[in-house]
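Q: Just the structure for this:
(chains A, B, C and D)
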Amino acid sequence: MISEADMTLGRDYRGIDPRGWLVSEKLDGCRAYWDGSRLWTRGGKVIEAPAWFTAGLPEGVALDGEVWACRGNLQTARLAVQHGRWARHLRLMVFDSPQAPGTWPDRMAAARKALAGARHAECVTWTTCRSRAQLRAEYFRVTQAGGEGLRLRAPAVDGYERGRTSNLLKVKSPCHLH
DNA sequence: CTCTGCGGGTCGTGCGGGTGA
DNA sequence: TCACCCGCAC
DNA sequence: GACCCGCAGAG
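A: Coordinates of the predicted model:
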């Protein structure tokens, strides 16, 4: 079984120098871990996903991501994951490839390759942070568009991490962005 | 001593499903 | 039918 | 998810 202990869990951003860190949007959906044949919630429950949703997910290749509808639609994702009501516009937004070696960009490249045939899954987009000002601008851009915040990845970490780590930070409040 | 980070526990919210009056 | 309480997500 | 509290290390 897959559970929280097998997944990367982040911490809160508290104002460290973000230059060089990798930035992506923090999506408000339901965490979903593909173990190569089934999807799991962070609580260790199997997600009963319809065939059209899992079609194209790579057999035997693990993926870490989020079942996501669109900004502000956490409820739509919850109805699917918890109650089996799958809206057609739901997607698996992938943000890691646990078995792939290398740094996060390496693993995202591997995930992108593995998802070549998937119609309802895609990799999240990301950029490299150049300055605090850029991070702040990105934060306000995303939140004003209805997004939850940002995720920061430490650039030099090799391999997928399990459990709590300070190499994955969430930016959910503007108060540390100065 | 104080401040900070970290782990663990608990609580709050929203929803649906099951049960009994 | 409705009011609870529980389960499970964040 | 948020919040709180106790513990340990750094300053």
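
Q: Looking at chain A, which residue is nearest DNA strand D?
A: Nearest residue of chain A to DNA strand D, counting by CB to the nearest atom of the strand: residue A:172, 4.8 Å away. Quick note: C-beta positions are derived from backbone N, CA and C, even for glycine.

Q: next one: phi and psi at the nearest residue to that residue once chain neighbours are set aside?
A: Closest residue to residue A:172 apart from its sequence neighbours, by CB to CB, 6 or more residues apart in numbering: residue A:149 at 4.1 Å. Dihedral angles of residue A:149 (phi, psi; degrees, to the nearest 10) stand at phi 160, psi -160.

Q: Enumerate every residue touching the residue of chain A closest to DNA strand D.
A: Residue A:172 is in contact with A:12, A:26, A:148-149, counting by CB atoms under 8 Å, 6 or more residues apart in numbering.

Q: Give the buried subset of these as a ChimeraX selection command.
A: Applied in ChimeraX, the following selects the buried portion of the contacts of residue A:172 according to 16 or more other CB atoms under 10 Å:
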select /A:26,148,149
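
Q: nearest to residue A:163, of the contacts of residue A:172?
A: Distance to residue A:163, by CB to CB, is smallest for residue A:12 among the contacts of residue A:172, at 16.0 Å.

Q: and the closest one, how far is that from DNA strand B?
A: Using CB to the nearest atom of the strand, to the nearest Å, one gets 9 Å for the distance from residue A:12 to DNA strand B.

Q: Report the separation between the nearest residue to that residue once chain neighbours are set aside and residue A:142.
A: With CB to CB, 6+ apart as the measure, residue A:170 is the residue that lies nearest to residue A:12, at 6.0 Å, once sequence neighbours are left out. Per CB to CB, to the nearest Å, residue A:170 is found 12 Å from residue A:142.

Q: which neighbours do the two share?
A: With the criterion set as CB under 8 Å, 6+ apart, the overlap between the contacts of residue A:170 and residue A:142 is A:149-150.

Q: Can you name the residues of chain A that neighbour DNA strand C?
A: A:28-31, A:41-43, A:45, A:74, A:78, A:81-82 (CB under 7 Å from any atom of the strand).
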